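1. Let me see the structure of the following:
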Amino acid sequence: MNPVTLLLELLAAAIGTVAFSVLFRVNPRHFPFCALVGAVGWLVYRLTQYWWGSDILATFLATLTLSACSRWFSTLRRTPTLVFLVSGIFTLVPGAAIYNTAYYVFMDLSVQASAAGAETLKLAGAIALGILVAYSLPGRLFGWRTSVRRNDN
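-> Residues are numbered from 1 along each chain as shown. Here you go, the predicted structure:
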């Protein structure tokens, strides 16, 4: 893995994430954090893919990481988690796999369509599980505090 290529990919992920933030009308004061979420997710994806060679595992770990970052930034910035998560997940959505599945279906290549569709569903499942696991973690890990009101009456 070439470090210069990786840095360019991280920059592209950050810019793409900010572009989606603009599209979703995120407040501009959150753009640096959205960019960081997208770049961190892509970094985890590329490193996992390089070390273990599995797109499914890489997608799961990257989604888990960027979901956790989104929760942490939402606490830090006092804004909903989805502000960071929706724009940050953009870099991991399996667009090429979805396109290939549709292409093979329309070209009436059922074996390739089935294989591409299964790969797409695995990637989508990895994204869903990554978000689920990150949201299953206790809020205290991300700085959430529960306020208990005592009724002295």
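2. Walking through this protein, point out its helices one by one.
-> With helices called from DSSP state H, the chain shows them at 3-23, 31-52, 55-77, 82-88, 95-106, 110-136.
3. Would you confirm that residue 122 contacts residue 56?
-> Yes: at 5.2 Å, residue 122 and residue 56 qualify as touching, with contact defined as CB atoms under 8 Å. All C-beta spots, glycine's among them, are computed from the backbone N, C-alpha and C.
4. Now do residue 25 against residue 80, distance only.
-> 13 Å (CB to CB, to the nearest Å).
5. Of these two, which one has the most company?
-> Set side by side, residue 25 and residue 80 show more neighbours around residue 80, with 11 against 7, by other CB atoms under 10 Å.
6. OK, contacts around that one?
-> Going by CB atoms under 8 Å, 6 or more residues apart in numbering, residue 80 touches residue 74.
7. what do you get for the one 10 residues further on?
-> Residues in contact with residue 90, defined by CB under 8 Å, 6+ apart, are 16-17, 20, 38.
8. do the same with residue 123
-> 55-56, 59, 94, 97.
9. Of these, keep whichever come out buried.
-> 55, 59, 94, 97 (16 or more other CB atoms under 10 Å).
10. Between which two of those is the distance greatest?
-> 59 and 97 (10.3 Å; CB to CB).
11. can I get the contacts of residue 123 in CSV with pLDDT and distance to residue 73?
-> Output for the contacts of residue 123, formatted as CSV (pLDDT from 0 to 100; distance: CB to CB, whole Å):
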residue, pLDDT, distance to residue 73
55, 94, 26
56, 95, 26
59, 96, 21
94, 88, 24
97, 92, 28
